[in-house]
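*Asks:* pasted the sequence and its predicted model underneath.
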Amino acid sequence: MGSVFEKAGQLILGKDPLIGSILGTTMYMAVLSSLIAFLLGAIIGMLIANHNFKGKTVVKIILRTLMGLPPVVVGIVLYILFSNTGPFGALGLIYSVPLMIIAQVVLITPIAAGMTESSVASVVELCKPTLKGLGLSPLKRFGLTIFECKYQLVSVYLFAFARAISEVGAVQIVGGNILYKTRVMTTAIALNYNTGDFAYAVALGIILLAIALAMNLTAGILQLVARRRHDRV
Amino acid sequence: MIECKVKKLYGDKLALDVDCSFEEGKIYAIIGNNGSGKSTLLNVLAKQVRYDGTVNAPKDVVYMTQSAYNFDFSVRRNVLLFTPKKDAQRVKEAERMMQAIGLDALAKKKANRLSGGEGQKTALVRTLTQDAKILLLDEPTSSMDISSSKIAEELIKEYRARTNCTVFIVTHSVLQAETIADEILFFDGGKILERGKDIIKTPSTPELQLFLATR
């Protein structure tokens, strides 16, 4: 066990030549894909929560089903679509970071949308009559509703990021785990497990957790500062 | 003239069935038991629900709902949320109303952490800073103490005098209805059973007599 932490320490201190590339690709992919998925998901979730329409229950059921999309299936479908013989093969995206991002967005958007819808529904229900009663334009109402749901939305983003940074199935298939190109933390962990280098795999896992912890701590501190600032207004 | 010929059902239950008109610039107090159609009339006038029939009314409607919501801002910011900062006259007017109803001391506090009555005062003053041709107030003073309630009534009257808008105020206080209104509407089973200035003093239907007897 000691060697695991020793290895993790060496990785963090930059003594491993590969870690910079893996970490950089991981963060680039995770931040970009989680941001895109969050923006799309939050808009979809807010729209569903904000409007009553025929078939809303059906839409919610479909959304919740999509939240359980198996990453490997998404990976295979995208692989078929984007491989050289596939309909989008000419784009040359197979085994590239952009396709890994697309896979992540496909996987995470329904999760972000579903989480947004369920976490903001009660707030929307409370403030909607007042917003409508004040005779505001739909855009202003939407903006104020987003503001009122800011803490819930931060939680949704953090979850989206956590999901993006820890996903392995789809990115392995469409990215191909190519060193210095598409290798990310999770695919590197899987590779080291397969080659029997458990210490290296667990060390990478510790770094992954540390990143998630840092993200959550930053978000927590930002929320605290924002609340205190607001209290003083 | 505001004209209203509306039928509204919630499932099988008749919530509202009215064919009436209202003079512009007057204050109408709406009384009646729970579920008698008072709030439904306001929802119809505010076009917040679908209904069968027609409503001929000005479009500028401001509606303070029963459970008025205060945003995650200070009291002052909540009140001035929709008032242009450059409009010094309106800002001054809002500040005067805040002071009159006792909100000036709470101006910097978070509005969504106030007591029910204080929150209601904030929502009311915010509502009264808006321009409207029709002002709809659903139990705007239900959580306020008696003295604040009286001040609120004065502010509503001042607002009507300033804007010449038509005010509909739902209330469970017969005294408030008598004090504030030019005309009182008594609702029962979704219908206006009686209306007039003196229906409290001279109720003609057994339903209103029973309603007043239980007050």
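*Replies:* Arrived safely, thanks for sending. Predicted model only: the values in this text are computed from it and were never measured.
*Asks:* let me know the secondary structure of A:Pro98.
*Replies:* At A:Pro98 the chain is in helix, as set by DSSP: H, G, I helix; E, B strand; the rest coil.
*Asks:* neighbours around it, how many?
*Replies:* Close neighbours of A:Pro98, defined as other C-beta atoms under 10 Å in any protein chain shown, add up to 15. The way it works is simple: take the backbone N, C-alpha and C, and place the C-beta from them, glycine included.
*Asks:* which residue is nearest the middle of chain A?
*Replies:* Centroid check for chain A by C-alpha atoms, centre = their mean gives A:Ala160 as the closest residue, at 2.9 Å.
*Asks:* was I right about that one contacting A:Pro110?
*Replies:* No. A:Ala160 lies out of contact with A:Pro110 (C-beta atoms under 8 Å); the separation is 10.9 Å.
*Asks:* which neighbours do those two share?
*Replies:* Residues touching both A:Ala160 and A:Pro110 (C-beta atoms under 8 Å, 6 or more residues apart in numbering or on different chains): A:Gly41.
*Asks:* where does chain B get nearest to chain A, which residue?
*Replies:* Chain B approaches chain A most closely through B:Tyr63 (3.3 Å), counting by C-beta to the nearest C-beta.
*Asks:* pull the distance from the helix or strand where that residue lies to the chain's centre.
*Replies:* Taking DSSP states H and E as the definition, B:Tyr63 sits inside strand B:61-64. Computed by C-alpha atoms, centre = their mean, to the nearest Å, the chain-centroid distance of strand B:61-64 equals 8 Å.
*Asks:* looking at that strand now, give me its mean pLDDT.
*Replies:* Strand B:61-64 shows a mean pLDDT of 93.
*Asks:* same for it, what does it pack against?
*Replies:* helix A:97-133, helix B:38-45, helix B:116-128, strand B:134-138 (3 or more C-beta pairs under 8 Å, 6 or more residues apart in numbering or on different chains; DSSP states H and E).
*Asks:* quick check: which of the ones you listed is nearest to A:Ala37?
*Replies:* A:Ala37 lies closest to helix A:97-133 among those, at 3.7 Å (C-beta to C-beta).
*Asks:* just want the angle from that closest one to helix B:38-45.
*Replies:* Computed by axes from the mean of the first three to the mean of the last three C-alpha atoms, to 10 degrees, the angle separating helix A:97-133 from helix B:38-45 equals 120 degrees.
*Asks:* quickly list what the residue most central in space within chain B is bridged to.
*Replies:* Closest to where the C-alpha atoms of chain B average out (C-alpha atoms, centre = their mean) is B:Leu137, at 1.4 Å. With DSSP bridges as the criterion, B:Leu137 is bridged to B:Met64, B:Ile169.
*Asks:* looking at chain A, what residue ends up closest to chain B?
*Replies:* For chain A, C-beta to the nearest C-beta, closest residue to chain B: A:Gly133, 3.3 Å.
*Asks:* what sits against that residue?
*Replies:* Taking C-beta under 8 Å, 6+ apart, one finds B:46, B:48, B:62-65, B:68, B:127, B:136 in contact with A:Gly133.
*Asks:* show me which pair in those residues is furthest apart.
*Replies:* B:Gln48 and B:Thr127 (14.9 Å).
*Asks:* higher neighbour count, the two?
*Replies:* Neighbour totals were compared for B:Gln48 and B:Thr127, and B:Thr127 leads with 26 against 18 (other C-beta under 10 Å).
*Asks:* not counting its neighbours along the chain, what's nearest the more buried one?
*Replies:* B:Met64 (4.3 Å; C-beta to C-beta, 6 or more residues apart in numbering or on different chains).
*Asks:* tally of neighbours for A:Leu158?
*Replies:* 18.
*Asks:* same deal with the one 5 residues further on?
*Replies:* The local packing of A:Arg163 (other C-beta under 10 Å) involves 19 other residues.
*Asks:* host element of the closest residue to A:Val106 other than its chain neighbours?
*Replies:* Spatial nearest neighbour of A:Val106, excluding adjacent residues (C-beta to C-beta, 6+ apart): A:Val74 at 5.4 Å. Per DSSP H and E: A:Val74 is located in helix A:71-82.
*Asks:* give me the buried stretch members for that helix, please.
*Replies:* A:71, A:74-75, A:77-79, A:81-82 (16 or more other C-beta atoms under 10 Å in any protein chain shown).
*Asks:* repeat for stretch A:149-158
*Replies:* So, applying 16+ other C-beta under 10 Å, buried residues of stretch A:149-158: A:149, A:152-158.
*Asks:* which residues does that stretch contact?
*Replies:* Under C-beta under 8 Å, 6+ apart, the answer for stretch A:149-158 is A:34-35, A:38, A:41-42, A:45-46, A:112, A:115-116, A:119-120, A:123-124, A:146, A:215-216, A:219, A:222-223, A:226, B:72.
*Asks:* same question for stretch A:18-30.
*Replies:* A:11, A:14, A:97, A:100-101, A:104, A:161, A:164-165, A:171, A:179-186, A:188, A:204, A:207, A:211.
*Asks:* again, only this time at 6 Å
*Replies:* Here stretch A:18-30 makes contact (C-beta atoms under 6 Å, 6 or more residues apart in numbering or on different chains) with A:11, A:97, A:100-101, A:164-165, A:180, A:183-185, A:188.
*Asks:* need the max-distance pair from those residues.
*Replies:* Largest separation among the contacts of stretch A:18-30 by C-beta to C-beta: A:Leu11 and A:Ile101, giving 24.4 Å.
*Asks:* looking at these two, which one has more neighbours?
*Replies:* Using other C-beta under 10 Å, the more surrounded residue of A:Leu11 and A:Ile101 is A:Ile101, with 25 against 19.
*Asks:* quick check: chain neighbours aside, which residue is closest to that one?
*Replies:* A:Ser33 (4.4 Å).
*Asks:* isn't the one you found right next to A:Ile102, touching?
*Replies:* No. The criterion here is C-beta atoms under 6 Å, and A:Ser33 misses it with A:Ile102 at 8.1 Å.
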